[in-house]
Structure formats: C-alpha cells, structure tokens
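> Generate coordinates for the sequence data below:
(one chain, ligands or ions: 1)
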Amino acid sequence: MLFQQQRKSVVQGIVLSGSAILTALAMPAQAVDWGSVPATEVGLFFPGQTSLEWIYGKRDHDGAARYQKRKKTCQGCHDGDQPEYGKNIVTGGDTEADPLGGRRGYVPMQVQLAQEGGNLLARLSWPKTGPAASKQDGDFDTKVTLMLDDQSVEEFTAGGCWAVCHIDSKRMPEAEGDGKTKYLAESRSKMSKKKGGGDNLLSDAELQALLGKGVFLEFWQAQLNPGQPAKAVDGYILSERTNNPAPTVSATATETGDSWVVEFSRPLAAGANQKALTAGKNYTLGFALHDQNTEGRYHLTSLQYNLSLDGGAATLSIVGE
Ligand code: HEC
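Modelled structure (predicted):
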C-alpha cells in the first residue's frame, strides 16, 4: 500500500500573546494590529517535477523509505534545505526537465495568523520580483494560494502540498494529453508509482460520500496584478481542483515598497466544501506562489505547517521529526 499511517509531533511553535489577543479584540472588525502578531517565515522553493510518486521512489529520493515508514516528516529532514533546493532545481536537472529560465528559486514569505470577529485572518507578505520574460498566465501577474486541511487526508498532514502533485499532472513526466490538475490519492481506486492515479476514478457516488465525510483539501487563492484589487478564489481538491461558484474567502492586496501584502479572511464557520475552523483542533497548511505570470506546476511551494486554534489565538508551527 502506497499510503500508510503517519506519526508526527510539533517541535516549534509561536503563540500569540494574551495582550495581542486583547488588543485585537478591542479593535473594530478587520482591524487586527498586525504589528503585534508574530510572523513565521515560510520558505517557498521551486519543487520542479518532484511529484508524490517521486517522493516514494526509492531510486530517486533518498528519503523515500523513511518517509514511507513515517519515521520522519518532510520538515523533519528538510527544514533549512529550501533555499538551496529551490535555487538548484529552478535551473534544471534530474527533477526539472523543462526549466523556464529567469526565475528565482526561493522566496521567504512572512505569515501571520489571527482570529478576529468570527474570522480566521491570514496575512502573507513576500518580496516582489521583476516581470516575466514570457507569460504563461496572461491574466495575473501573481497568484498566492493557501491549502488547508483538518487532518482528513493523512498524506497532506505528513507531506503537505506533495499530496496533490502527481507524476501524471499537467507538464509532469507522465502527463497524457493536457494532464491532470491537482488530485488526492483518495479519489482513485488504484495508484501507481510509475503512472500516478490516471483515470482510476472512484464512482461519483463514492466521491460524493468522501466529500460528505470531509475528505478533501480546501484552498484559498488571491489573484494579483499591480495597482489592482485582489481577486479571491476558493475551492476544494478531491478528484480534481474545483473552484466554488461564489467565494466566501475575501482577499485584499497592498504593495509596500518591494513587497506584496495579502490579507485573507474566512468565517470560522464552514461554508459548502469548507473545513469548520474550531478551537482545540489541529490543521495542516501549505502555501504556494505563482509569480512572474506562471501557472500550473511552475510555482514555488512550501513544506507543511501545523495550525492550531484555541479560544483567541491562531498558532502556526513547523511539523517536525
Ligand atoms: C528521511 C529523510 C527525508 C524525508 C522524510 C524526506 N526527504 Fe526529501 N530528500 C532526502 C534526501 C537525503 C535527499 C537527497 C539529498 C539532498 O539533496 O540533500 C532528498 C531530496 C529532496 C529534494 C531535492 C530534489 C532535487 O532535485 O534536488 C526534494 C525537493 C525533497 N527531497 C522533498 C521532500 C518532500 C516534499 C518530502 C515529504 C513529502 C521529503 N522530501 C521527505 C531526505 C528526506
């Protein structure tokens, strides 16, 4: 079986201080004092064609056996490797057969989280870069995405974004035709290390049953162009990436000096195809950045983070060991 039980522990955390929470509560809606909310630096790096199938490939990935046995998480082995990996992979090699050229391979992103007025807020800020030599996405300069799960998908808890990235996805080594969008192994009756999940889809009724049980990932995306308001998109991933018809996530964007600053907000109560955000529960987050008009797999991605919510705080921490 490709996917097994995981074991994880949290080794590092940042907690909002009580005074920060009180300050936030005393202020009007949507006016968190971000200056008093600690930031976690999330390393975004270019992952090339390292699919989930590659992760489990013992010939290609030296961590495969121990990852499969859940002896270590990705962060447990790789926290700190992100800048070097990104800069190497983006120029092409074993794990990137078709480099774009002129790209940066690593971007540090500052992430702050807070609860306020019945919403979870996420403030992301990262350095801008110059224009693209060629545009894959003609509509948006930049897209920033957050994926969220309430531990419904073990592979996402252990491996973050790689749970939805497959060897048969668009412009990946085994893509047929246009290739697949993001999907979870849970949506397929059979997964193969050589070919991915292909068209081995569960029936519609089985997929609906999984959605009903809450087995899916949620995503929030802000689509950005300089000088224009952010466009918010949200949706879920099970058998493919699916946008919700009307987003409940809102996003605002500002440009300060050389950085983008995006603020997401989502009600704690779950809408359709969303996770309920409840105190005392643990969530897993992953982040992705399409800069320079890129699309599909040509993004920068993060390893996975743990989010815990309590009565007033939202705490992001690295999933280690
Ligand atoms: C038990 C330790 C271990 C675990 C767990 C592990 N890896 Fe690795 N990984 C390695 C080693 C060792 C290498 C190769 C040595 C190097 O380049 O530093 C590697 C290489 C990589 C590379 C570099 C590929 C390249 O072309 O340079 C990436 C990306 C990567 N791993 C991602 C992941 C992700 C994502 C996870 C979790 C889903 C993961 N790894 C889990 C040990 C691990």
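> Now Leu52: closest residue in space that isn't a chain neighbour?
In this structure, Leu52 finds its nearest non-sequential neighbour in Trp162, 5.0 Å apart by CB to CB, 6 or more residues apart in numbering. Heads up, the C-betas are built off the backbone N, CA and C, glycines and all.
> Flag every residue of the chain that's near the ligand.
Neighbours of the ligand within the chain, by CB under 6 Å from any ligand atom: 47, 50, 55, 61-63, 66-67, 72, 74, 76-78, 81, 85, 88-89, 94-95, 159, 162.
> Just the buried residues of the residues you listed.
Buried members of these, scored by 16 or more other CB atoms under 10 Å, are 47, 50, 55, 63, 67, 72, 74, 76-77, 85, 88-89, 95, 159, 162.
> quick one: buried residues of stretch 86-99?
Result for stretch 86-99 [16+ other CB under 10 Å]: buried residues 86, 88-90, 95-96, 99.
> In this protein, what residue comes closest to the ligand?
Proximity to the ligand, evaluated over the chain using CB to the nearest ligand atom, is greatest for Gly63 at 1.9 Å.
> any idea how far that residue is from Gly159?
11 Å (CB to CB, to the nearest Å).
> joint contacts of those two?
55, 74 (CB atoms under 8 Å, 6 or more residues apart in numbering).
> okay, and for the stretch 201-321 of the chain, where does confidence drop off?
Counting by pLDDT under 70, the ranges of the stretch 201-321 of the chain that qualify are 320-321.
> what do you get if the cut-off is 50, keeping everything else the same?
Counting by pLDDT under 50, not a single residue of the stretch 201-321 of the chain qualifies.
> need the helices for it, in chain order.
Using DSSP state H, counting those that start in this stretch, the helices of the stretch 201-321 of the chain run over residues 204-212.
> quick one: the strands in it?
With DSSP state E, counting those that start in this stretch as the criterion, the stretch 201-321 of the chain has strands at 217-224, 231-237, 241-243, 250-256, 259-267, 282-290, 300-301, 305-309, 314-320.
> now those strands in CSV, with distance to Ala276?
Formatted as CSV, those follow (distance: least, CB to CB, whole Å):
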stretch, distance to Ala276
strand 217-224, 11
strand 231-237, 14
strand 241-243, 19
strand 250-256, 18
strand 259-267, 10
strand 282-290, 10
strand 300-301, 26
strand 305-309, 10
strand 314-320, 14
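> could I get the ones you listed as a markdown table with mean neighbour count?
What follows is those, written out as a markdown table (neighbours: other CB atoms under 10 Å):
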| stretch | mean neighbour count |
| --- | --- |
| strand 217-224 | 24 |
| strand 231-237 | 20 |
| strand 241-243 | 15 |
| strand 250-256 | 16 |
| strand 259-267 | 20 |
| strand 282-290 | 22 |
| strand 300-301 | 24 |
| strand 305-309 | 20 |
| strand 314-320 | 21 |
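> Would you mind measuring the gap between the ends of stretch 205-225?
With CA to CA, to the nearest Å as the measure, stretch 205-225 spans 40 Å from end to end.
> Use 43 as the first number from now on
In the new count, where the first residue is 43, that last one comes out as stretch 247-267.
> roughly how far out does it sit from the chain middle?
Computed by CA atoms, centre = their mean, to the nearest Å, the chain-centroid distance of stretch 247-267 equals 13 Å.
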